[in-house]
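Enquirer: Provide a 3D model corresponding to the input given below.
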Amino acid sequence: MEKKGLTGLVLAVTMLLLAACSVNMGEGSESKKPEATKSGAAEASGPKKVVFWHAMGGANTKVVDQLVADYNASQNKIKVEAVYQGNYDDLLSKLKASMGTSEGPSVVQMYEIGSRFMIDSKAITPMQSFIDADKWDLSQLEPNITGYYTLGGKLYSMPFNTSNPVLYYNKDLFKAAGLDPAKPPKTFEELKVAADAISKSGKATGANFAIYGWFMEQFFANQGAEYVNNGNGRTSNATQSLVNTEPGVKVLTWWKDLIDTKAANNLGRKTDDSKKAFSAGQVGMILESTAALKGLVDSASGKFEVGTSFLPKPTDAKDGGVIVGGASLWIMNNRPDDEQKSTWDFIKFLTTPKEQAYWHVNTGYFPITKKAYDEDIVKENLKKFPQFQTAIDQLHQTKLNTATQGAVMGVFPEARQIVEGAIEEVLNNKKSPKEALDAAEKEITSKIQTYNKTVK
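Expert: Alright, predicted model coming up:
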């Protein structure tokens, strides 16, 4: 998942939920069925309009627009209008303002940490309702991707832009430090050895990890550990953060040791700063989203060879894996029945192998459909960027359980910022790992419990 700014979102999720609960959103998301959704007045003859709100900026906007154009050209009964609404935070604010009105979207893209809110808002029709009504084959999709958006055996939204984190490393710096570039580190302990060797070579600093809460969440999952209680918030709503448990303390102790021994440096929270340092050959290893692969390989062209490896974990870690990041598509339940069904038709089109192959090759996000890998453009892309095979293998080798499905909680955006603050305190010698995480756990748990009172 590419990092999105969370400025101004502190308290916003709770405020948003309160706003959503204060208006009549119709039937709850649990009971809503396509056949039972509201029917609007008949519209004038012509194609049914579907409004798609998204947060894909930059070059990705053009890719989204092309997908929509392809769909509109494929039939004449439905016309989709894609509307870029800014980053995820902007999109969330605009969705809040539209709730309870007729001005909102038919379908909205929402980042994965907004999933609990979207369900609790009771403003959506679960994707499973359309899947069941259509007898649509869900097995054609990647189970380790749909797993995140599935609760209680029900798929609530359709995965859209999907990524996971990998270790990127500079093969040339590995060689200069006497390391085998064909054997990147797999564990915390091996990474420390490699980072020490690179730093001592005098060519660059061994490693840099941006202070990003997503990485802490991934390190928990890679140890087979849950991030919040109640089955990661999946058997029932989470009531307590587990960020201060042994897996978290182990991560921060290791991370701080890398900094203290100058095997790694601290460039702050911006992942862009970490990527720039890597591309400039100033650091030997970074953690980043798989979606950044093409840009990192292109920026290193002619300077050094980029290698990729699985996210490292402690030697004694339990079975685990990575959590998918990114965002998914949610169908809003305040739209007329025929509009919702038209939206589902558009979403089915997006999942076809051809469209998923186009999406993957042009954005770097995973295809969610298994057969997309059989498309020629995907095969050619893998030849050009063989490093992406690491991401594919890491996804497929992840064992799906409550830890690797990922945590869900209504205050996730706030929790992520709190964890980033705790990491900063540790790396800046203000608190010990346990002290910082104990304080973070207390604050996150308090916010979870306040949120839960609003959804009863």
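Enquirer: isn't there a helix covering K442?
Expert: Yes: applying DSSP: H, G, I helix; E, B strand; the rest coil, one finds K442 inside a helix.
Enquirer: and F130, what does it touch?
Expert: With contact taken as Cβ atoms under 8 Å, 6 or more residues apart in numbering, F130 is in contact with 34, 136, 331, 340-341, 344, 347. The C-beta positions use only the backbone N, C-alpha and C, and glycine is treated the same way.
Enquirer: State the distance from it to A123.
Expert: Applying Cβ to Cβ, to the nearest Å, the value for F130 to A123 is 16 Å.
Enquirer: do G147 as well
Expert: With Cβ to Cβ as the criterion, G147 and A123 are 23 Å apart.
Enquirer: So for these two, which residue has more residues nearby?
Expert: When G147 and A123 are compared for neighbours, A123 comes out ahead with 26 against 20, by other Cβ atoms under 10 Å.
Enquirer: Surely that one is in contact with Y156?
Expert: No: under the criterion of Cβ atoms under 8 Å, A123 makes no contact with Y156, lying 11.7 Å away.
Enquirer: ranges for the helices of the stretch 351-456 of the chain?
Expert: Shown for the stretch 351-456 of the chain, the helices assigned by DSSP state H, counting those that start in this stretch span residues 353-363, 376-384, 388-397, 402-405, 412-427, 433-454.
Enquirer: Show me the one of those helices that comes nearest G178.
Expert: Smallest distance to G178 across the helices of the stretch 351-456 of the chain (Cβ to Cβ): 23.1 Å, for helix 388-397.
Enquirer: if we look at that closest one, which residues are touching it?
Expert: Contacts with helix 388-397, where a contact means Cβ under 8 Å, 6+ apart, come from 142, 144-145, 163-164, 166, 290, 293, 308-311, 321-322, 324, 364, 366, 373, 381-382.
Enquirer: what about 10 Å?
Expert: By Cβ atoms under 10 Å, 6 or more residues apart in numbering, the surrounding residues in contact with helix 388-397 are 142-145, 162-168, 184, 222, 289-291, 293-294, 297, 307-311, 321-322, 324, 360, 364, 366-367, 373, 378, 381-382, 385.
Enquirer: Now list the buried members of the residues you listed.
Expert: 142, 144-145, 162-168, 184, 222, 289-291, 293-294, 297, 307-311, 321-322, 324, 360, 364, 366-367, 373, 378, 381-382, 385 (16 or more other Cβ atoms under 10 Å).
Enquirer: now, which of those residues lie within strands?
Expert: Within these, residues falling in strands by DSSP state E are 162-163, 165-168, 289, 307-309.
Enquirer: so who does F209 touch?
Expert: With contacts defined as Cβ under 10 Å, 6+ apart, F209 is in contact with 165, 167, 215, 219, 255, 258-259, 264-267, 271, 274, 283, 285-288, 423, 427.
Enquirer: hang on, K49 is in a strand, isn't it?
Expert: Yes: going by three-state DSSP, the assignment for K49 places it inside a strand.
Enquirer: ok, now how distant is it from M127?
Expert: Separation of K49 from M127 (Cβ to Cβ): 21 Å.
Enquirer: Please apply the same query to N164.
Expert: N164 is 21 Å from M127, where distance means Cβ to Cβ.
Enquirer: Next: G326.
Expert: Where M127 is concerned, G326 sits at a distance of 16 Å (Cβ to Cβ).
Enquirer: V228 too?
Expert: Taken as Cβ to Cβ, the span from V228 to M127 is 24 Å.
Enquirer: Over to F278?
Expert: Distance, F278 to M127, by Cβ to Cβ: 37 Å.
Enquirer: Ok, Y212 next?
Expert: The spacing between Y212 and M127, counted by Cβ to Cβ, is 29 Å.
Enquirer: What does L155 show for phi and psi?
Expert: Torsion angles at L155 (phi, psi; degrees, to the nearest 10) stand at phi -80, psi 120.
Enquirer: what's the distance between it and T162?
Expert: For L155, the distance to T162 - Cβ to Cβ - is 14 Å.
Enquirer: shared neighbours of the two, anything?
Expert: Both L155 and T162 are in contact with 146, 148-149, 328, where contact means Cβ under 10 Å, 6+ apart.
Enquirer: So which of these are in helices?
Expert: Those of the shared contacts of L155 and T162 mapping onto helices are T146, per DSSP state H.
Enquirer: quick check, nearest of the shared contacts of L155 and T162 to A59?
Expert: When the shared contacts of L155 and T162 are compared against A59 (criterion: Cβ to Cβ), the nearest one is S328, at 20.8 Å.
Enquirer: Look at Q75 and say how many residues are nearby.
Expert: 12.
Enquirer: Surely S163 is in contact with V324?
Expert: Yes: shown here, S163 and V324 form a contact pair, counting by Cβ atoms under 10 Å, at 7.0 Å.
Enquirer: hmm, who's touching the helix or strand hosting D272?
Expert: Using DSSP states H and E, the element containing D272 is helix 271-279. Contact with helix 271-279 is made by 1-3, 168-170, 204-205, 207-212, 214-215, 265, 267-268, 270, 282-289, 292, 295-301, 303-304, 306, as judged by Cβ under 10 Å, 6+ apart.
Enquirer: Give the PyMOL command for selecting the buried subset of those residues.
Expert: Selection of buried members from those for PyMOL, criterion 16+ other Cβ under 10 Å:
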select buried, resi 1+2+3+168+169+170+204+205+207+208+209+210+211+212+214+215+265+267+282+283+284+285+286+287+288+289+292+296+297+299+300+304+306
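Enquirer: The contacts of helix 271-279 in strands, which ones?
Expert: Those of the contacts of helix 271-279 lying in strands (DSSP E): 168-170, 205, 207-208, 265, 283-289, 306.
Enquirer: Farthest pair within those?
Expert: Going by Cβ to Cβ, the pair spanning the ones in strands among the contacts of helix 271-279 furthest: T205 and S289, at 21.1 Å.
Enquirer: The residue nearest the centre of the chain: what's it in contact with?
Expert: For the chain, the residue sitting closest to the mean C-alpha position, by Cα atoms, centre = their mean, is G325 at 1.6 Å. For G325, the contact set (Cβ under 10 Å, 6+ apart) comprises 1-3, 111-113, 148, 161-165, 214, 217-218, 289-291, 365, 406.
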